[in-house]
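Provided below are the primary sequence and the corresponding predicted coordinates.
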Amino acid sequence: MMEKTMLRTPMYDQHIEYKGQMVDYAGWELPIKYDTSIRDEHIHCRTNAGMFDVSHMGRLSLKGKDAGRLLERICSRRINGMQDGQCRYTLICNEHGGVKDDAIAMKMDDKEYLFVVNGANREKILGHIHAVIADRGYEVKVEDRTEKTAMIAMQGPRAMELISKVSSEVPALKKFRFTVKNLMILKVIISRTGYTGEDGVEVILPASAVPMAMKMLMKEFGSDEDQAVIKPCGLGARDTLRLEAAMPLFGHELSEDLNALMVGMDFAINLDKSVEADGETFIGQEALLKTQAEGGPKQKLVGIVLDGKRTARQDMPIVIDGEPAGFVTSGCMSPTLEKSIAMAYVDADKNTVGTRVQIDAGRNMLDGEIVPLPFYKASKK
């Protein structure tokens with residue numbers, strides 16, 4: 001039986017050069033860490049700046065007179081009213097109110113959007129988009145640009161300091177805004193977004209431009225001080241960083257079987273969308289309105305800090321006062337807090353901050369306490 005060939009990002013040679021420990025992630029060969037430790041990379045991003053290859057994320061171009069209406073139909077977040085150069089985080093729901101994926105919609109202009117989805121869900125979301133286009137008769141051209149482009153994130157409290165050496169315009173961007181820059185004859189998209197809880201940017205550029213761009217970047221960041229500030233970081237640190245910042249991950253906090261209202265991302269769910277005001281209601285809106293009318297979801301996402309050093313794992317049962325009360329979605333030893341943390345879905349009538357819980361780890365129970373989310377917030381300058 002032939003082994004499936006993994007995809008390689010345009011940054012693959014750089015990963016090998018920096019001694020990346022490569023793993024299969026959603027069909028892509030990516031570094032879990034480099035010649036260091038996940039903890040060290042995590043702390044470096046929290047204190048300086050980390051560079052992440054996120055080229056496995058799906059990048060879908062949507063063009064045509066109905067591009068906005070298409071997104072209005074598949075996105076839980078309102079798309080109508082977005083400004084050119086604006087990004088919006090959104091959920092993509094199924095008919096039952098479960099989550100197919102979470103995504104970032106980026107408005108280029110009234111007839112063009114870039115839609116960034118999770119790498120593991122790219123083909124599923126492409127199929128969903130084409131099905132909706134066929135169902136509604138929308139005039140939209142869909143182009144999958146994932147393998148034609150690279151996507152690199154620079155995150156951390158000193159990231160914008162470094163970026164200011166390359167561009168004075170980018171540090172002036174507001175959060176969840178992007179700009180399009182011309183690098184020689186190539187178009188580069190720089191957005192003030194990220195998945196670490198820190199400030200920074202995500203850069204989308206043509207795959208063919210990566211060697212030249214990295215050479216130019218390293219020339220700009222050529223001083224010993226700059227080299228000490230920015231370090232490559234792998235998937236391991238990306239996961240612990242997002243968990244501290246309580247950012248949901250598909251397959252953990254988000255899934256097709258979990259109601260979208262459970263996750264607590266209410267800002268990304270506009271249940272008041274109407275055909276009159278927005279041109280479309282979104283798929284799953286009716287199911288979520290029913291959930292809301294029935295008193296809301298029966299479980300909601302909470303944070304838990306464990307008493308000891310052991311970590312909770314996904315799907316471990318939560319017990320409160322001797323009764324089953326939920327399940328763990330993600331857990332790790334927090335490098336920043338030096339505590340074992342977890343996110344979990346807990347019964348809505350038992351999820352008060354300060355409530356003592358136990359996590360069933362099989363042979364023994366792990367004690368902990370419900371705490372507010374996020375576990376970590378970056379300090380504001």
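Structure's in. What do you need?

quote the end-to-end distance of stretch 188-195.
Taking CA to CA, to the nearest Å, stretch 188-195 runs 20 Å from one end to the other.

for Val229, which non-adjacent residue is spatially closest?
Nearest residue to Val229 in three dimensions, chain neighbours excluded: Asn48, at 4.8 Å (CB to CB, 6 or more residues apart in numbering). In this view, the C-beta of every residue, glycine as well, is placed from N, C-alpha and C.

what residues does the one you found make contact with?
Residues in contact with Asn48 (CB atoms under 8 Å, 6 or more residues apart in numbering) are 156-158, 228-231.

show me the shaky parts of the chain.
Across the chain, the ranges flagged by pLDDT under 70 are 1-4, 184, 381.

just to revisit the earlier point, which among the contacts of Asn48 count as buried?
156-158, 229-231 (16 or more other CB atoms under 10 Å).

and the helices in the stretch 201-350 of the chain?
210-220, 224-229, 235-244, 275-278, 285-293 (DSSP state H, counting those that start in this stretch).

next: the stretch 51-200 of the chain.
67-74, 122-136, 159-163.

tabulate these (TSV), appending distance to Gly264.
As requested, the helices of the stretch 51-200 of the chain are arranged in TSV below (distance: least, CB to CB, whole Å):
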stretch	distance to Gly264
helix 67-74	21
helix 122-136	23
helix 159-163	27
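
highest mean neighbour count out of those?
helix 67-74 (a mean of 24; mean count of other CB atoms under 10 Å).

look up how far Ala150 lies from the nearest residue to Val140 once chain neighbours are set aside.
Leaving aside its chain neighbours, Val140 sits nearest to Gly64 (4.1 Å; criterion: CB to CB, 6+ apart). Separation of Gly64 from Ala150 (CB to CB, to the nearest Å): 26 Å.

neighbour count: the two, which is higher?
Comparing Gly64 with Ala150 by other CB atoms under 10 Å, the one with more neighbours is Ala150, at 23 against 17.

wait, that one sits on Pro211?
No. In this structure Ala150 lies outside contact range of Pro211 using CB atoms under 8 Å: 10.4 Å.

Tyr195 against Ala153, yeah?
Yes. Tyr195 lies in contact with Ala153 (CB under 8 Å); the separation is 7.2 Å.

shared neighbours, these two?
With CB under 8 Å, 6+ apart, Tyr195 and Ala153 have common neighbours Val54.

the more surrounded of these two?
Ala153 (26 against 20).

mind listing what the nearest residue to that one once chain neighbours are set aside touches?
The shortest distance from Ala153 to any non-neighbouring residue, by CB to CB, 6+ apart, is to Phe52 (4.3 Å). Shown in contact with Phe52 (CB under 8 Å, 6+ apart): 152-155, 232-234, 238.

residues touching the residue nearest to Gly197 when sequence neighbours are not counted, list them.
Distances taken as CB to CB, 6+ apart place Ala245 nearest to Gly197, at 2.8 Å, with adjacent residues excluded. With contact taken as CB under 8 Å, 6+ apart, Ala245 is in contact with 196-197, 374-377.

give me the domain ranges for the chain.
Domain assignment for the chain, taken from automatic domain parsing, gives 7-56+147-244, 58-123+249-291, 298-371.

which one of these lies nearest to Lys141?
Nearest to Lys141, of all those, is domain 58-123+249-291, at 4.7 Å by CB to CB.

hang on, the earlier thing: which of the helices of the stretch 201-350 of the chain sits closest to Glu369?
Closest approach to Glu369 among the helices of the stretch 201-350 of the chain is made by helix 235-244 (16.8 Å; CB to CB).

please save the CA atoms from the closest one in PDB.
Extracted in PDB, the C-alpha atoms of helix 235-244 (Å, rounded to 0.1, in the frame of the first residue of the first chain):
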ATOM      1  CA  LEU A 235       3.000  23.900  16.000                       C
ATOM      2  CA  GLY A 236       3.600  22.900  19.600                       C
ATOM      3  CA  ALA A 237       4.000  26.400  20.800                       C
ATOM      4  CA  ARG A 238       1.200  27.600  18.600                       C
ATOM      5  CA  ASP A 239      -1.100  25.300  20.400                       C
ATOM      6  CA  THR A 240      -0.100  26.200  24.000                       C
ATOM      7  CA  LEU A 241      -0.200  29.900  23.100                       C
ATOM      8  CA  ARG A 242      -3.700  29.700  21.700                       C
ATOM      9  CA  LEU A 243      -4.900  27.700  24.700                       C
ATOM     10  CA  GLU A 244      -3.600  30.300  27.200                       C
END
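
roughly how far does the closest residue to Cys332 other than its chain neighbours sit from Gln299?
Of all residues beyond its chain neighbours, the one nearest Cys332 is Thr240 (5.0 Å), with distances taken as CB to CB, 6+ apart. When distance is defined by CB to CB, Thr240 is 24 Å away from Gln299.

all strands for the stretch 251-381 of the chain, in order.
Per DSSP state E, counting those that start in this stretch, the stretch 251-381 of the chain has strands spanning 299-306, 317-320, 323-334, 339-347, 356-360, 365-371. These are given in chain order.

rebuild the ones you listed as CSV, extending it with mean neighbour count and distance to Gly284.
CSV is the format used below for the strands of the stretch 251-381 of the chain (neighbours: other CB atoms under 10 Å; distance: least, CB to CB, whole Å):
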stretch, mean neighbour count, distance to Gly284
strand 299-306, 21, 18
strand 317-320, 19, 26
strand 323-334, 20, 20
strand 339-347, 23, 18
strand 356-360, 19, 30
strand 365-371, 18, 28
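
any idea which of the helices of the stretch 201-350 of the chain is most buried?
Greatest average neighbour count among these goes to helix 235-244 (a mean of 24), per mean count of other CB under 10 Å.

by contact count, what packs against it?
Packing contacts for helix 235-244, counted by 3 or more CB pairs under 8 Å, 6 or more residues apart in numbering; DSSP states H and E, involve strand 28-33, helix 38-47, strand 323-334, strand 339-347.

among these, which comes closest to Ala120?
Checking the helices and strands packed on helix 235-244 against Ala120 by CB to CB gives strand 28-33 as the closest, at 9.4 Å.
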